[in-house]
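# Take this sequence and fold it.
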Amino acid sequence: FYKRMSDPHDYDMCGVKIKFPQEAYPSQVAMMEKIVTSLKTSQNALLESPTGSGKTLALLCAALAWQKHEHRKHKSTREENQKTYKIYFGTRTHKQVAQIVRELRKTAYGDIQMTILSSRDHTCIHPQVSKCANKSEECYEVRNTKNGGEIVNGCQYDMAKAFPENDSQLRSCIGSEDPWDIEDLVKAGVNKEFCPYYIAKGFERNAELIICPYNYIVDPTIRKAMQIDLQDQVIILDEAHNIEDIAREAVGGRFNLDIITETASECWRIFYNLKKRETNLDENLYRDLASFLTRFECWIENNLEGISSRTKIYSAFDALSELKKDVFTPSSYKVLREITMKVLELQKDALENNSGLMGVDILSKKNANFVGQLFCVLKYLHQNLEDYRVALIEELVWDNDEKRVFPKQVYKTFIHFWCLNPAVCFEQLLNCKSIILTSGTLSPMVTFSGELGTTFPITLEANHVVKESQVWVGTLSNGPSGKSFNGTFRHAQTPNFQDETGRLVLTMCKKVPHGVLVFFSSYKMLNRMIERWKTSQLWRQIQDEKEIVSEPKYGKQLDGVMEKFYTAVNESQSGRNHSYQSGALFLAVFRGKVSEGLDFADNNARAVICVGIPFPALRDPLVELKRQYNDVKKVTNPNILSGQKWYEIQAFRALNQALGRCIRHKNDWGAILMVDERYNRNQDYVNSLSKWVRGNVVHYHNCNQMNESLQTFVADMKGEPSTLNFNRDRESFPQNVFTG
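Model (predicted):
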């Protein structure tokens, strides 16, 4: 399917010449062939290639080579109105954007006109705004400062007289011809005193490669705000294993009753201000919007009154029927939508042209965004009634009152608009040339076509770049004491299960040097394990072997935890540390930040232990509704998965993502242990694992048998005699036995 060219790093695929910076792995060759085929035939593709297999480099080289090929072809034919294809390269987080740029620098395509779209959290350099919790709102306020009867731009960086007008000029400011990342952009902004956020946003119009978090591409509200037009363009979504959930959330909504109340009050205030003054503006627009929001607030409060469960769920038909009767009346949804659009246009006109509205006459950024998002969701709900449910829920949340010294949890009322069909969002992307979804863990892949409402004719499940001998994969049915491992919710709550899990973790910590990761189904399960182990000797015994850290629930605390883990692992490189520990143990949760893209290469993860199978919570009303929805839809559409099959796939996609923490490059090695008897009883569960894992699975019923096999594997990888006993008395332990 491809032809090697004279240069060992050049490849010819379907007539497209690809320059590759090194000898490509077979998995990279397979990926590049699929990418070029997808782009040349304008078809969509699903490409799974394990973490550490050079997936991002293959994506960039193949896509940019095709783009250059197309540009040359159009130029040679001297066509009028030549088509210029943009490539939108989306990934999950801002951190992963930096990884993409690092890979781009390795390629022969670093001279491409590029930009990076990112939030103000990562690009704002204003001395006050950059320190605020909500930089977007504060930026809005600073750039629209009230000065008497006028609105003026108060940001000196946005008003800079000298700033780079294109990518080439920015590289000159940075002082390097290499592709730039967000850090380079911010440094240049500080040195030359221009706004990094708006400079990068302005480059999008002429850029050939746009790198961004993929909610910029998928979320219609963000896409509109950023003025992104995807028609006939190329979309590549890396780390796209969660794209179905992201798509559903992008066209759904969750709104606090407080913001409805606050926005209604602000609209009333603007109405009365305008009424007192003589203007050409129609103050009744704000009156009608305020009246609607006030009725909306009352409807939510009245419908939750007396509900002991604190939850009330409607079909979209029933919710819309009540909204028409109690909220939209005496107007209609259509009229209210037009009123809202006029208010937002007035808002925009006031800010851009100083049209006569005073500073007190415009909505705050937060409230204007809320109104826009609410009517965006209502539009999708009206167009797709079968695909939505509406829920009123009193939720226990942390009080954000800054005056409170000790935060406490309080009940707040929310209205949710749940979209159960990701195709509602995805159909808006189907006017592009090609969509390429890729990840290390797309398996199981059968769900994407039915859930996203489009076909993916081109698929790939690539092999890993490591040899089979570098990965040990096992399932375990019984623990060290012979007790059965069944990770269902009911069994996982028992002291027996928790104690047996602790004994297993202790054994693994003694057998495996350096870093060990353990994944649990939820924070609740993780915390119960910790509490139980601390009531016995297990916690102290594990702590004697490894420094223990656990995944925090809030992201702000993660950096400190990661630093503690990396330090403990690093101190074990030449043997046990000063506390005689052989490394570190990281207790984490499936679907958490630790399972999504953090670096655990080499000694940071010599073993990954997965306790139980991370099925979504059955009692979660959204999960229950989604299962019911799929069962109903499958009756008329055989391409839709049943509710049970969808439910199982959510579990194994999360599991596969956690397993991917183990092997990060071709010279890495590690062990994977899945702790649950259900793997041995259900072959479908094994078949749902990623290709590079499922072919190596060995089922162990006996813990001693598993220990012997694992010990042999570790000794082989470390080049030591397989009879090595990691469980010797500490006093007789060779100091350098854990050399990596």
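# Which secondary structure state is assigned to the residue of the chain most remote from its centre?
Distance from the C-alpha centroid of the chain, by CA atoms, centre = their mean, peaks at residue 278 (49.6 Å). Secondary structure state of residue 278, per DSSP: H, G, I helix; E, B strand; the rest coil, is coil.
# which one's the longest helix in this protein?
For the chain, the helix with the greatest residue count under DSSP state H is helix 55-77.
# That helix packs against which elements?
The contact analysis (3 or more CB pairs under 8 Å, 6 or more residues apart in numbering; DSSP states H and E) places helix 55-77 against strand 16-19, helix 26-41, strand 87-91, helix 94-104, strand 234-237, strand 434-439. Where C-beta positions appear, they are placed from N, C-alpha and C, glycine not excepted.
# Where among the ones you listed is average confidence lowest?
Lowest mean pLDDT of the helices and strands packed on helix 55-77: helix 94-104, a mean of 89.
# Just the angle for that one relative to strand 87-91, thanks.
130 degrees (axes from the mean of the first three to the mean of the last three CA atoms, to 10 degrees).
# So which bits of helix 94-104 are buried?
Buried positions in helix 94-104, judged by neighbour count with 16 or more other CB atoms under 10 Å: 94, 96, 97, 98, 99, 100, 101, 103, 104.
# now stretch 510-525
510-522, 525.
# ditto for stretch 277-290
Across stretch 277-290, burial judged by 16+ other CB under 10 Å covers 281, 283, 285, 286, 287, 288, 289, 290.
# So which of those belong to helices?
Among those, the members falling in helices (DSSP H) are 285, 286, 287, 288, 289, 290.
# quick one: which of these is nearest residue 40?
For these, the minimum distance to residue 40 (CB to CB) is 49.7 Å, reached by residue 289.
# nearest residue to the closest one other than its sequence neighbours?
Leaving aside its sequence neighbours, residue 289 sits nearest to residue 267 (CB to CB, 6 or more residues apart in numbering; 5.0 Å).
# who touches that neighbour in this structure?
Taking CB atoms under 8 Å, 6 or more residues apart in numbering, we find residue 267 in contact with 286, 287, 289, 290, 293, 363.
# Now do the contacts for the fourth one.
Applying CB under 8 Å, 6+ apart to residue 290 gives the contacts 264, 265, 267, 268, 271.
# repeat for the first one
Going by CB under 8 Å, 6+ apart, residue 286 touches 267, 268, 270, 271, 274, 343.
# Kindly recompute the last result at 7 Å.
Counting by CB atoms under 7 Å, 6 or more residues apart in numbering, residue 286 makes contact with 267, 270, 271, 274, 343.
# And the second one, by the same measure?
Under the criterion of CB under 7 Å, 6+ apart, the contact partners of residue 287 comprise residue 271.
# Tell me where the stretch 101-250 of the chain has strands.
In the stretch 101-250 of the chain, the segments counted as strands under DSSP state E, counting those that start in this stretch are 114-116, 145-147, 150-152, 209-213, 234-237.
# for this protein, what are the low-confidence residue spans?
For the chain, applying pLDDT under 70 flags the ranges 1-8, 77-82, 145-153, 159-162, 279-280, 350-360, 400-407, 597, 720-740.
# most centrally placed residue in it?
Centroid check for the chain by CA atoms, centre = their mean gives residue 92 as the closest residue, at 4.2 Å.
# Find the nearest non-adjacent residue to that residue, please.
That would be residue 239: by CB to CB, 6+ apart, it lies 4.2 Å from residue 92.
# Tell me, how many residues neighbour that neighbour?
Counted with other CB atoms under 10 Å, residues neighbouring residue 239 total 24.
# And it, how far from residue 397?
Distance, residue 239 to residue 397, using CB to CB, to the nearest Å: 28 Å.
# quick one, what contacts residue 295?
Residue 295 sits in contact with 326, 327, where contact means CB under 7 Å, 6+ apart.
# I'd like to know how far it sits from residue 326.
On the measure of CB to CB, residue 295 and residue 326 end up 7 Å apart.
# Next: residue 165.
For residue 165, the distance to residue 326 - CB to CB - is 53 Å.
# Then residue 660?
Residue 660 sits 49 Å away from residue 326, going by CB to CB.
# So for those two, which residue has more residues nearby?
More crowded of residue 660 and residue 326, by other CB under 10 Å: residue 660, with 25 against 14.
# okay but that one is in contact with residue 441, surely?
Yes. Residue 660 lies in contact with residue 441 (CB atoms under 7 Å); the separation is 5.5 Å.
# Next one: residue 178 relative to residue 105, how far apart?
Distance from residue 178 to residue 105, by CB to CB: 5 Å.
# any chance of the contacts of residue 290 in TSV, plus secondary structure?
Shown next, in TSV, are the contacts of residue 290 (three-state DSSP):
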residue	secondary structure
264	helix
265	helix
267	helix
268	helix
271	helix
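# Separate out the buried members of those.
Counted by 16+ other CB under 10 Å, these give 264, 267, 268, 271 as buried.
# Grab the nearest non-local neighbour of the last one.
Leaving out its chain neighbours, the residue that sits closest to residue 271 by CB to CB, 6+ apart is residue 286, at 4.1 Å.
# what do you get for the first one?
Residue nearest to residue 264 in three dimensions, not counting chain neighbours: residue 293, with 3.7 Å by CB to CB, 6+ apart.
# in which helix or strand would I find the one you found?
Using DSSP states H and E, residue 293 falls within helix 284-304.
# and the next element down the chain from that helix?
strand 311-315.
# Between strand 311-315 and the following helix or strand past that following strand, find me the angle.
Downstream of strand 311-315, the first helix or strand assigned by DSSP H and E is helix 316-323. Using the same axes, to 10 degrees, the inter-axis angle of helix 316-323 relative to strand 311-315 is 100 degrees.
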